[in-house]
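Undergrad: Sequence and predicted structure below; questions after.
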Amino acid sequence: MLESTHAGRQSRPRLSAELGKAILAGSSKPFDRRSRLFFTNRLFRYLCIAAASFVCLILFLILLLMFRTGVLTFSHISVADFFFSAEWNPENEQYGALIFIFGTFALTALTLLICVPISLIIAVFLSVFVPPWLKNMLRPVLDLLVGIPSVVYGYLGLTVLIPLIRNVTGSGMGDGLLAAALVLTIMVLPTVSRISDDAISAVPSKFSDASYALGATRFQTVWRVLLPSAKSGIMYAVILGMARAVGETMAVVMVIGNTPQLADSLLKPTSVLTSNIVMQISNVPFDSTWNYALYLMGFLLLVISLLMIVAIRWLQRKGSQA
């Protein structure tokens, strides 16, 4: 009896020690898991910061390279001669970029004038007038049109659109601003229509229900309620489409004519910043004013694109605050 009691007393410290070790072992596992999660989250955070910093560094280096190389143009010609002269003749040291700057903005404005009304009609048709089964069929078609390469649009414009313009207008040459604007309109139309459709569809249904309850027609509801409510999203779509139109190269090169002259007619061949860079970059000596002028044109395109991106971000922030 005494021996069993004594053995039980000796086994108690052993059991309590083993129990303490088990408790410590069990408590260390959650601690190890928390430390691993902390290390993983911290590592993921540093990787994201590094990736964002790398992208910003690449963008800064591109802008710096384009600016430092392009600004060397002004060591040979004046700022006024580059921006306000229409004489582009590199063989005679004449580097006036007014033709290409004017052509870029004229082409963008003409594309905007043609594209926006058609895109809004398509967006309103998809979001308001089309039954759901037909809407589900047409929206993927627009998404597929966005993914068609630009060289395909340019080739179709060269082989189909330009001969059609010649036959309709009776002009000897169908290439020019009109052909380029029509090709860009076909390219940009799916993007602007699709995003505008999403913006109109995102307007709460209570707005249109209230308009119908007040006796408004469907046209009045679309014109006075839906379009004003989706204004920020529609502007976002238009600017995004124009950003693509400004930077488009291959399709424009194939249909605009690539002639350094001011376009006083829609059917007169001309040139823009992108087409001039593409057509002449392969024949330019690297350390020459000609090359510096082309770099400066590329820098102007980057600035225009960045301004459009800033406008898009501003519209997004304004829309989220509203």
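TA: Looks like it arrived, so ask away.
Undergrad: Please look at G257 and G176 and confirm they touch.
TA: Yes - between G257 and G176 there is a contact under Cβ atoms under 8 Å: 5.7 Å. The way it works is simple: take the backbone N, C-alpha and C, and place the C-beta from them, glycine included.
Undergrad: any shared contact partners between those two?
TA: Common contacts of G257 and G176, defined by Cβ atoms under 8 Å, 6 or more residues apart in numbering, comprise K268, P269, T270.
Undergrad: who's in contact with the last one?
TA: For T270, the residues meeting the contact criterion (Cβ under 8 Å, 6+ apart) are I99, G103, G176, L177, I256, G257, T259, P260, Q261, L262, A263.
Undergrad: What is whichever helix or strand the first one is part of packed up against?
TA: It refers to I99. Applying DSSP states H and E as the criterion places I99 in helix 98-124. Packing partners of helix 98-124 (3 or more Cβ pairs under 8 Å, 6 or more residues apart in numbering; DSSP states H and E): helix 79-84, helix 177-201, helix 231-247, helix 273-280, helix 289-321.
Undergrad: And stretch 138-157, end to end?
TA: 24 Å (Cα to Cα, to the nearest Å).
Undergrad: For that stretch, buried residues please.
TA: R139, L142, L145, S150, Y153, G154, L156, G157 (16 or more other Cβ atoms under 10 Å).
Undergrad: hmm, back to that, now do the helix holding I99: distance to the chain's middle.
TA: 16 Å (Cα atoms, centre = their mean, to the nearest Å).
Undergrad: Please tell me I have it right and I277 contacts M297.
TA: Yes - here I277 reaches M297: they are 5.7 Å apart, a contact under Cβ under 8 Å.
Undergrad: More neighbours: the two, which one.
TA: M297 (25 against 20; other Cβ atoms under 10 Å).
Undergrad: And the residue lying closest to the more buried one once chain neighbours are set aside, how far from L300?
TA: Among residues not flanking M297 along the chain, L273 sits closest, at 4.8 Å (Cβ to Cβ, 6 or more residues apart in numbering). According to Cβ to Cβ, to the nearest Å, L273 and L300 sit 6 Å apart.
Undergrad: Give the residues shared as contacts by the two.
TA: I101.
Undergrad: who's more crowded, those two?
TA: Applying other Cβ under 10 Å to L273 and L300 shows that L273 carries more neighbours, namely 26 against 18.
Undergrad: mind listing what that one touches?
TA: So L273 contacts A97, F100, I101, G103, T104, M297, G298, L300, L301 (Cβ under 8 Å, 6+ apart).
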